Structures are given as C-alpha cells and as structure tokens.
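A.B. asks: Dropping a prediction and its sequence here:
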Amino acid sequence: MALIVQKYGGSSVATPELIRQVAKRAIDTHKKGHQVVVVLSAMKGETDRLLALAHDMVREPEAREVDQLIATGEIASVALFALACQALGEKAKSFTGFQAGIQTDEMHQRARITGLDPARVRTELAKGRVVAVAGFQGLNEARDITTLGRGGSDTTAVALAVALGADTCEIYTDVDGIYTTDPHICESARRMEKISFEEMLELSSLGAKVMEIRSVEFAMNYNMKIHVRHAHQPGGGTLICEEDSDMEKKPVTGVAYSKNEARITLTKVADQPGIAAKIMGIISKSGIVVDMIIQNQSAEIDPALGQPLTDISFTVPLSDYARAMEMMEGTAAEVKAARIVGTDNIAKISLVGVGMRNHAGVASQMFQTLANEGINISLISTSEIKISCIIEKKYTELAVRALHDAFGLGQATTDA
C-alpha cells in the first residue's frame, strides 16, 4: 500500500462533471489499496471572478480581505469533490488548507509555507477515507487566512507529500507531461519520460508554465518525486526526480522562452566602484527582481573628469518595466548617466540541460544557430546547466524551433 498525493488544477475541475471524473480517478486509486490525498485548485475562472468582485467593491482592495475572499474558491472545489466521492459510495472528507495544518508567514497573496502539521489528515486516512485538501492557502500566526500566490496549489501538494512521507506526488494538469519545448510553437517537441529537479527548476524559472518554481524547489530539497500527468487522458506523463547518469548523455534537455522581459540601459556612467551597487540597490529595495545584467568594458574616457565610462544594461519582468524606468530616471541623474534607454521588444531564449557540465561547445553551437537565422543577441547569461540569450521578440518562435532542431531534441532518443 502506498500513500499518494494527487493535485488537480483549475481546468481539471472546471465543471461538476469534471469534478466527478477526478473523484472517480481518486476512488480507483484508493480501491487499489492506496491511501489518497487530493489537493484541488479553484474551478477554472473562479479566482478571476472573485478578484473582479473585490475590485468592483474598491479600486485597491486590502490584501487580507482579498485572501479571505479568493480562498473560498479552493474550499468550494474540495467540498464538491468530497460530495462527489460520497455520491459514488466512497468515504471522503474535505479540509481547508489551515484545517490540514498548513502554516505560513504573514505575507498576504504570496505567503510562504513555514510549517505543516497534517495530524487531522493522517487521522482520516487511517479511517479509510479519501482526503481532499484545498490548495493555495494556509493560516499565519495571527490566524488570518493567507494565499500562496500563482501555482500555490502545486506547492501545497508537494509540501503535504513531504509532511506525510508520501510515496509519490502526482500533478494532474491539462497537458500530458513536460515537453522539450512548447509544442504549440514547435511541432517536433516531445514529451520527456523524466527530467531532473535541477532542469525542471531552471525551465520553470525561464518561462515553462507546467510546474510552479517553488513546488519544484520544495520537491528537490526533500527529494520528493513528482509525476506530471494529464488529468483526463491516459499516458505515462513525466517523472521529475533526482539526476541520473542517463540524463548526462545529452547536452541539452529543453528549450525555454519568455516574452515577459524588458531591458533598461544606462549609458556612459562612470566606471568606478559603487556605481553598479547604487543602481541595483534602488531596484532591489523596490522589490523588482533583476534577471540579467551586463556592464560593458570601458571604451571611452570622460574628457571633463578624465575617468573611464561604461554602459550598464539589465532586464526586469515586463510587469515592472514602467516602474523600473521611472525609478531609473532619477538614478540616471545621480550617477551622471548620459541617458537611459529602455525596450520591451525583447524575449529570452534559454537552453537547459545537466549534460552541459560534461559537453563542450553548447554555447558556440547556440550562438551559431541563432546567427544562421539572422538573429542578433544583445545579452547573454549562463549557469552550470543553462545558457540564456536576449533577442528581439519577433524572432522568438523562429529561435525556439531552430535551437530545438539544432540540438536534436525532437529525436526519439529524448524519451530514452
């Protein structure tokens, strides 16, 4: 007998009929002799509906009250699921996130899990019940409801799996696994049978939307295997697990892209200690996450001051672009920059693979592939298992397809 945590997203429980199908799947697993905990998101569109209601009441609703409101979406899902199980003759019980013992920090709308005591869940499992837990939520020290932010139900599921000592955590979604790239723009994209935690973490941070980054990080820290599968179609899915020797045989595992990028450049600033710290410090204090940074080598001397000058460029999320530009207007004057230049007409293209550690020439092949397509690179960032380039947004799909083909990711050996 195994203990299995299953998570279903909003599209998987979008209608009463789909909730019944999810209940049947959970019951089938339970009848095989396994203990089953099901984590559910709100029904598709429900969170947006509730947020619209909040903004209809007031232009900028208080974060605490927003959490009180939107947490009801997941609560409705698990209650309906439990009722569906009971109608099918199976004993089931639903819990809110806080009833299931999920404790968080004080931050509303993007809280982090700080503790988990699943005693009530264990009690109900011991009674032979299927247990349903509302994802995306917890309780802080002030005993206020908090929500975990985008993809929070994935994090709930992995955290519960770890706390319960589950044998596996199954994430059911509207795709049948993790692909070598976005199949919507690359017909040769292939589903992978398995991928390492590190690779999935990089892909999630670089724009892949199947798994939420915090849930992958949680799973990696506690070595909790995750099986990503389609909620309503049969298939093997993709296993996210520890790296093994097979994964190192190929240099690149996947191609990711993000159009949610903007670049800001301060030109002709003094090339001296403290300038970059001042610029980045102002951005950091505002809570804006800087991704890629490049400082050009000094190539010009300020004739008035006799000191070298340089350009500093960095990228920020597109949603923070206007605010970052506004802050940099004042900073540019402080650091005596000649001007500030910004653009949101960019995209980030990335190669990911643990095999990069043992294979030379990946970067040069990437750059040559883009050059062959007439695609210019404006920024480059690397890590041990990742190479990212900033390009013009209009070339995104072309770059993805070209790189996917260049590294043979559509070949049958991908699923080996």
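C.D. replies: Done, it's in.
A.B. asks: In contact with Ile185, which residues?
C.D. replies: If you count contacts by Cβ atoms under 8 Å, 6 or more residues apart in numbering, Ile185 has them with Glu397, Val400, Arg401. Quick note: C-beta positions are derived from backbone N, CA and C, even for glycine.
A.B. asks: whoops, I mixed them up, Ser188
C.D. replies: His404, Asp405, Leu409, Gly410.
A.B. asks: now the closest residue to Lys225 other than its chain neighbours: how far from Gly235?
C.D. replies: Among residues not flanking Lys225 along the chain, Cys241 sits closest, at 4.9 Å (Cβ to Cβ, 6 or more residues apart in numbering). Per Cβ to Cβ, to the nearest Å, Cys241 is found 18 Å from Gly235.
A.B. asks: any idea how far Val158 is from the residue nearest to Lys225?
C.D. replies: According to Cβ to Cβ, Cys241 stands 13 Å off from Val158.
A.B. asks: Could I get the CA-only coordinates of the host helix or strand of Gln368 as PDB?
C.D. replies: Following DSSP states H and E, one finds Gln368 within helix 362-372. The C-alpha coordinates for helix 362-372 follow below in PDB (Å, rounded to 0.1, in the frame of the first residue of the first chain):
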ATOM      1  CA  VAL A 362      27.000  24.100 -26.400                       C
ATOM      2  CA  ALA A 363      27.200  27.900 -26.200                       C
ATOM      3  CA  SER A 364      29.100  28.200 -29.500                       C
ATOM      4  CA  GLN A 365      26.500  25.900 -31.200                       C
ATOM      5  CA  MET A 366      23.700  28.000 -29.800                       C
ATOM      6  CA  PHE A 367      25.200  31.300 -30.900                       C
ATOM      7  CA  GLN A 368      26.000  29.900 -34.400                       C
ATOM      8  CA  THR A 369      22.400  28.500 -34.800                       C
ATOM      9  CA  LEU A 370      20.900  32.000 -34.000                       C
ATOM     10  CA  ALA A 371      23.400  33.700 -36.300                       C
ATOM     11  CA  ASN A 372      22.400  31.300 -39.100                       C
END
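A.B. asks: list the buried ones in it?
C.D. replies: Buried residues in helix 362-372, defined by neighbour count with 16 or more other Cβ atoms under 10 Å: Val362, Gln365, Met366, Thr369, Leu370.
A.B. asks: ditto for stretch 367-387
C.D. replies: Neighbour counts using 16+ other Cβ under 10 Å place Thr369, Leu370, Ile375, Ser378, Leu379, Ser381, Ile385, Lys386, Ile387 of stretch 367-387 among the buried residues.
A.B. asks: swap in stretch 386-401?
C.D. replies: Going by neighbour count (16+ other Cβ under 10 Å), the buried part of stretch 386-401 is Lys386, Ile387, Ser388, Cys389, Ile390, Ile391, Tyr395, Thr396, Leu398, Ala399, Val400, Arg401.
A.B. asks: and the fourth one, that's in a helix?
C.D. replies: No - using DSSP: H, G, I helix; E, B strand; the rest coil, the secondary structure at Cys389 is strand, not a helix.
A.B. asks: How about it: which residues does it bridge to?
C.D. replies: Counting by DSSP bridges, Cys389 is bridged to Ile349, Ile380.
A.B. asks: That one and Asn376 touch, don't they?
C.D. replies: No - taking Cβ atoms under 8 Å as the definition, Cys389 is not a contact partner of Asn376, at 9.5 Å.
A.B. asks: Can you tell me how far Val36 is from Ile4?
C.D. replies: For Val36 relative to Ile4 (Cβ to Cβ), the value is 6 Å.
A.B. asks: what touches both of those two?
C.D. replies: Listed as contacting both Val36 and Ile4 by Cβ under 8 Å, 6+ apart are Thr29.
A.B. asks: who's more crowded, these two?
C.D. replies: Ranked by neighbour count (other Cβ atoms under 10 Å), Val36 and Ile4 place Val36 first, with 27 against 22.
A.B. asks: now that one, what's its secondary structure?
C.D. replies: Assigned with three-state DSSP, Val36 falls in the strand class.
A.B. asks: ok now do it, which residues does it touch?
C.D. replies: Here Val36 is in contact with Ile4, Gln6, Ala26, Thr29, His30, Val130, Val131 (Cβ under 8 Å, 6+ apart).
A.B. asks: Can I get stretch 348-360 as PDB, trimmed to CA atoms?
C.D. replies: Extracted C-alpha coordinates of stretch 348-360, given in PDB (Å, rounded to 0.1, in the frame of the first residue of the first chain):
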ATOM      1  CA  LYS A 348      14.700  35.500 -23.500                       C
ATOM      2  CA  ILE A 349      15.600  32.200 -25.100                       C
ATOM      3  CA  SER A 350      17.300  29.500 -22.900                       C
ATOM      4  CA  LEU A 351      18.900  26.100 -23.300                       C
ATOM      5  CA  VAL A 352      18.700  23.800 -20.200                       C
ATOM      6  CA  GLY A 353      20.500  20.500 -19.500                       C
ATOM      7  CA  VAL A 354      22.500  18.900 -16.800                       C
ATOM      8  CA  GLY A 355      24.600  17.400 -19.600                       C
ATOM      9  CA  MET A 356      26.200  20.800 -20.200                       C
ATOM     10  CA  ARG A 357      28.600  20.000 -17.400                       C
ATOM     11  CA  ASN A 358      30.200  17.300 -19.500                       C
ATOM     12  CA  HIS A 359      29.700  18.600 -23.000                       C
ATOM     13  CA  ALA A 360      31.800  21.400 -24.600                       C
END
